[in-house]
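*Asks:* give me the fold of what follows.
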Amino acid sequence: MQTLRISPSKIQQGEIEKIVKKLREGAVICLPTDTVYGLAVDAWNEKAAIKIYNLKKRTKEKPLILFIKDQRHLISLVKKIPLSAIKMINKWWPGPLTLIFKSAISDPWYLVNQKGGIGIRIPSHPVVNKILQENGLSLATTSANLSGEQSIKDIEELSPIIKEKIDLIVDSGKIPPGKESTVIDVTISPPRILREGEIKREEITKITKKPAGILFVCTGNSCRSVMAEGFFKKYWSKKQNKVEIKSAGTSVGFPSSPSSYTVQVMKERGIDVSPYQSKRVNQNLIDDSDIILVMEEVHLYYLKRTFPEAENKIWMLKEFTSNRKEGIPDPIGTSKAYYEKVADEIEGEIKKLIGKLSDN
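*Replies:* Coordinates of the predicted model:
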């Protein structure tokens, strides 16, 4: 068994490559997280995961926690990302928060519980974050202690039984004092705290009780984003959760009404957008939004460049609903028939979006 000492403030790329190589070979490693030391394997290597269960004497009914590098990985892994979860993700990821989602995958058994839930987290420790950035690697993890024993914050506390059976120890010194990650089940409404850890109940309640903000963005805020806002308000009105829905454009010179065809096709669908006045996306709109959904890749790049602090909140609409990096074309200057086609496409995506964001 090898020990690799890595300072969190002086991480060498060669050290990370050595760890990743070991993981890809099926190794079980002990590494630091932002809360405790943990055991980790390549998330998709079943043989390696079984090693963790055997050495910890852990029952198969207790899944491991999945560490991912960023929020975008959620789309292919979970069925729903409720607005309550999005608010917590924006506040505490990366950090000491584990969320249990409805899994979109049935395997592997060691990540998905018997009720179809999957626990996911993005930790904030620089060493594990560097590992996660390598070639899309994800980690199946658990605390580095025998089942029933206390978690450890110093490698010196590691059980000799575990030390003898793992392949690599990554020693980054003592983990600062604090509790384990807070675990919240977001498969039910309201979300249920399964373990109150570093993040306190009062903080969670404060965040989740505030109305969520959704912002739709296109170019001129006269066609696509107006349609998206209108459809969302129509279909979300039956939900219990209060949501503030707005739209804006990246290239709006002065307030103006939606295009005439936008007004017509929306009216035919029972939605009156004629009073709407376009507005340019600005810092206040960004700050007030928990999720920002854009129509094309050009909008994605513009917003990420202009508001880099909000990068993790910004998605292409189809990327979020269907895990497809496809845009919705701009109908400006085309026929009414084309507007109708775009409206139908947006309506379909909004229905998917509501299914993804709803609590039940």
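*Asks:* how long is stretch 27-43 end to end?
*Replies:* End-to-end distance of stretch 27-43: 11 Å, with C-alpha to C-alpha, to the nearest Å as the criterion.
*Asks:* residue nearest the centroid of the chain?
*Replies:* residue 71 (3.0 Å; C-alpha atoms, centre = their mean).
*Asks:* my guess is it meets residue 93, correct?
*Replies:* Yes. With contacts counted by C-beta atoms under 8 Å, residue 71 reaches residue 93, the gap being 6.9 Å. Quick note: C-beta positions are derived from backbone N, CA and C, even for glycine.
*Asks:* mutual contacts of these two, please.
*Replies:* Common contact partners of residue 71 and residue 93 (C-beta atoms under 8 Å, 6 or more residues apart in numbering): 122, 312.
*Asks:* please, which helix or strand holds residue 206?
*Replies:* Per DSSP states H and E: residue 206 is located in helix 201-209.
*Asks:* next one: residue 225
*Replies:* Element membership of residue 225, judged by DSSP H and E, is helix 224-236.
*Asks:* using CSV, write out every CA atom in that helix.
*Replies:* The C-alpha coordinates for helix 224-236 follow below in CSV (Å, rounded to 0.1, in the frame of the first residue of the first chain):
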residue,chain,number,x,y,z
ARG,A,224,-38.7,32.7,-28.4
SER,A,225,-38.1,33.8,-24.8
VAL,A,226,-41.5,35.5,-24.7
MET,A,227,-43.1,32.2,-25.9
ALA,A,228,-41.2,30.2,-23.3
GLU,A,229,-42.2,32.6,-20.5
GLY,A,230,-45.9,32.4,-21.6
PHE,A,231,-46.0,28.6,-21.9
PHE,A,232,-44.3,28.2,-18.6
LYS,A,233,-46.7,30.5,-16.8
LYS,A,234,-49.6,28.6,-18.4
TYR,A,235,-48.5,25.1,-17.4
TRP,A,236,-46.9,25.9,-14.1
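*Asks:* what residues sit buried inside the following helix or strand past that helix?
*Replies:* Under the assignment DSSP H and E, the closest C-terminal helix or strand after helix 224-236 is strand 243-249. Neighbour counts using 16 or more other C-beta atoms under 10 Å place 243, 245-249 of strand 243-249 among the buried residues.
*Asks:* mind giving me the domain split of this structure?
*Replies:* 2-207, 211-357 (automatic domain parsing).
*Asks:* what's the end-to-end length of the first one?
*Replies:* Between the opening and closing residues of domain 2-207 there is a gap of 43 Å (C-alpha to C-alpha).
*Asks:* in the stretch 101-250 of the chain, which spans are helices?
*Replies:* 126-133, 160-165, 201-209, 224-236 (DSSP state H, counting those that start in this stretch).
*Asks:* between those, which one is nearest to residue 56?
*Replies:* helix 160-165 (7.4 Å; C-beta to C-beta).
*Asks:* which other helices and strands does the closest one contact?
*Replies:* Judged by 3 or more C-beta pairs under 8 Å, 6 or more residues apart in numbering; DSSP states H and E, the packing partners of helix 160-165 are helix 46-56.
*Asks:* list the buried residues for the helix it packs on?
*Replies:* Result for helix 46-56 [16+ other C-beta under 10 Å]: buried residues 48-49, 51-53, 55-56.
*Asks:* quick one on the thing from earlier: from the buried residues of strand 243-249, which one has the minimum pLDDT?
*Replies:* Across the set of these, residue 243 stands lowest in pLDDT, at 93.
*Asks:* which residue packs closest to that one, ignoring adjacent ones?
*Replies:* Leaving aside its chain neighbours, residue 243 sits nearest to residue 212 (5.1 Å; criterion: C-beta to C-beta, 6 or more residues apart in numbering).
*Asks:* ok, how many other residues are close to that neighbour?
*Replies:* 19 (other C-beta atoms under 10 Å).
*Asks:* could you do residue 357 as well?
*Replies:* Neighbours of residue 357 using other C-beta under 10 Å come to 25.
*Asks:* assess the claim that it and residue 87 are in contact.
*Replies:* No. Taking contacts as C-beta under 8 Å, residue 357 lies outside contact range of residue 87: 11.2 Å.
*Asks:* tell me what the helix holding residue 206 is packed against?
*Replies:* helix 83-92.
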